[in-house]
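Trainee: With the sequence up front, the predicted model follows.
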Amino acid sequence: MVEDKRSRVNWQGYLPAITTPFAEDLSFDEPGLGMLLEWLHGEGMHGLVLAGTTGEWTSMSPAERARLFELAGAQLGGKLPLIGGCSSFTPGESIALAKHAKAAGLDGILLTAPPYLRPNDDEIVDFYTTVGRAASMPICVYNWPPGTGIDMPLSLLERLAEIDAVVAIKQSTPDFTRFAETFFALKDRVRVFGFPMNELGLTILRLHGGDGTMGAGGVLGRTQPGFYDHLWAGDIEAARECGLKDRVLMREWYTPELTGRFGSGPAILKAALDARGVPGGRVRPPLRDVSGADREKIANTMRELGMI
């Protein structure tokens with residue numbers, strides 16, 4: 001019988017992949033991070049993902065990521081699950097980052113397949129196996145085709161789920177059929193994240209259960225964790241209303257391929273946070289900040305949803 005590793009962690013609900021605030025001079029804005037973390041915690045997030053795609057890990061030094069883990073762990077450790085993004089090009093880099101995450105008191109790590117290189121299935125299994133053995137941290141496998149160039153098939157995800165350290169999968173494929181296949185095949189063995197907060201996602205969650213969504217940014221505040229809070233409380237109509245607001249963002253700000261309409265995902269989300277008076281800040285090159293006209297479109301969406 002395959003071991004149920006789900007019980008090793010308490011990750012469930014809405015866990016946003018948060019932005020990393022950068023100041024006008026593009027330095028890491030530590031006070032801004034503290035304010036952002038305080039706001040997210042106050043808005044009832046069920047956990048946080050640090051230094052993921054939305055957190056612009058690609059433009060952060062290893063020392064900055066380690067510092068980010070340290071600050072978040074000191075502020076929110078033990079208050080809600082914290083998952084550190086440790087994606088990199090080599091297992092050695094990811095292992096070093098995972099050790100920083102563990103020392104900071106984080107609860108696990110998020111890990112894509114190495115981007116750009118397009119490793120094959122066996123190489124990806126080797127990568128996760130090596131990191132898992134050395135890091136001694138629960139791992140959430142992150143399938144992110146727009147960033148890695150690989151949409152992991154179910155056969156590969158099944159192999160990864162057999163690795164002892166792997167306890168969850170963030171299935172961010174644009175293909176909902178692939179998400180559903182992953183969920184139904186692996187839901188009794190590892191936690192599966194990626195439910196759309198729409199009628200389809202709500203129906204599956206009601207009929208079959210499910211773990212949650214590692215969404216982008218948490219810019220709607222308690223509306224996004226509210227989808228799951230209301231679902232768990234049995235108030236389906238209230239959950240549906242929260243989900244409809246989240247879907248407005250996905251429709252107006254993102255393409256069906258999950259890329260941004262006004263620029264990069266981090267730039268869009270930072271503009272939305274700024275509009276709310278919450279630290280968003282600059283993005284680092286090669287990304288560009290959202291232009292003035294598009295910032296107003298983003299702010300208008302937030303106004304229409306009652307967030308401003």
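Mentor: Right, received. Where do you want to start?

Trainee: can you pull out the strands in the stretch 201-308 of the chain?
Mentor: 212-213 (DSSP state E, counting those that start in this stretch).

Trainee: Please enumerate the helices of it.
Mentor: Counting by DSSP state H, counting those that start in this stretch, the segments of the stretch 201-308 of the chain that form helices are 223-233, 236-253, 265-276, 292-304.

Trainee: Point to the helix or strand of this structure where mean pLDDT is at its lowest.
Mentor: For the chain, counting by mean pLDDT, DSSP states H and E, helix 145-148 ranks last in confidence among helices and strands (a mean of 92).

Trainee: Asn198 against Ala239, yeah?
Mentor: No: contact status for Asn198 versus Ala239: not in contact, 10.9 Å apart, counting by Cβ atoms under 8 Å. The C-beta positions use only the backbone N, C-alpha and C, and glycine is treated the same way.

Trainee: Of the two, which one has the most company?
Mentor: Shown here are Asn198 and Ala239; by other Cβ atoms under 10 Å, Ala239 has more neighbours (22 against 16).

Trainee: And the more buried one, how far from Arg251?
Mentor: Computed as Cβ to Cβ, to the nearest Å, the Ala239 to Arg251 distance reads 18 Å.

Trainee: what do you get for Gly221?
Mentor: Taken as Cβ to Cβ, the span from Gly221 to Arg251 is 19 Å.

Trainee: ok, so what distance separates the closest residue to Arg288 other than its chain neighbours from Ala293?
Mentor: Once flanking residues are discounted, Arg288 sits nearest to Gly263: 6.0 Å by Cβ to Cβ, 6 or more residues apart in numbering. Per Cβ to Cβ, Gly263 is found 12 Å from Ala293.

Trainee: higher neighbour count, those two?
Mentor: Between Gly263 and Ala293, Gly263 has the larger neighbour count (other Cβ under 10 Å), namely 21 against 8.

Trainee: residues contacting that one?
Mentor: Gly263 is in contact with 287-291, 294, counting by Cβ atoms under 8 Å, 6 or more residues apart in numbering.

Trainee: run the last query once more with 10 Å
Mentor: Applying Cβ atoms under 10 Å, 6 or more residues apart in numbering to Gly263 gives the contacts 253, 270-271, 283, 287-291, 294-295, 298.

Trainee: Any chance of CSV for those, columns distance to Arg191, pLDDT and neighbour count?
Mentor: Formatted as CSV, those follow (distance: Cβ to Cβ, whole Å; pLDDT from 0 to 100; neighbours: other Cβ atoms under 10 Å):
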residue, distance to Arg191, pLDDT, neighbour count
Trp253, 27, 93, 22
Lys270, 28, 97, 31
Ala271, 31, 97, 25
Val283, 30, 98, 25
Leu287, 30, 96, 18
Arg288, 35, 97, 12
Asp289, 35, 97, 20
Val290, 33, 96, 25
Ser291, 38, 92, 13
Asp294, 35, 95, 18
Arg295, 36, 95, 20
Ile298, 31, 96, 26
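
Trainee: ok, Met45 touching Val219?
Mentor: No: between Met45 and Val219 no contact is recorded; they are 11.5 Å apart, counting by Cβ atoms under 10 Å.
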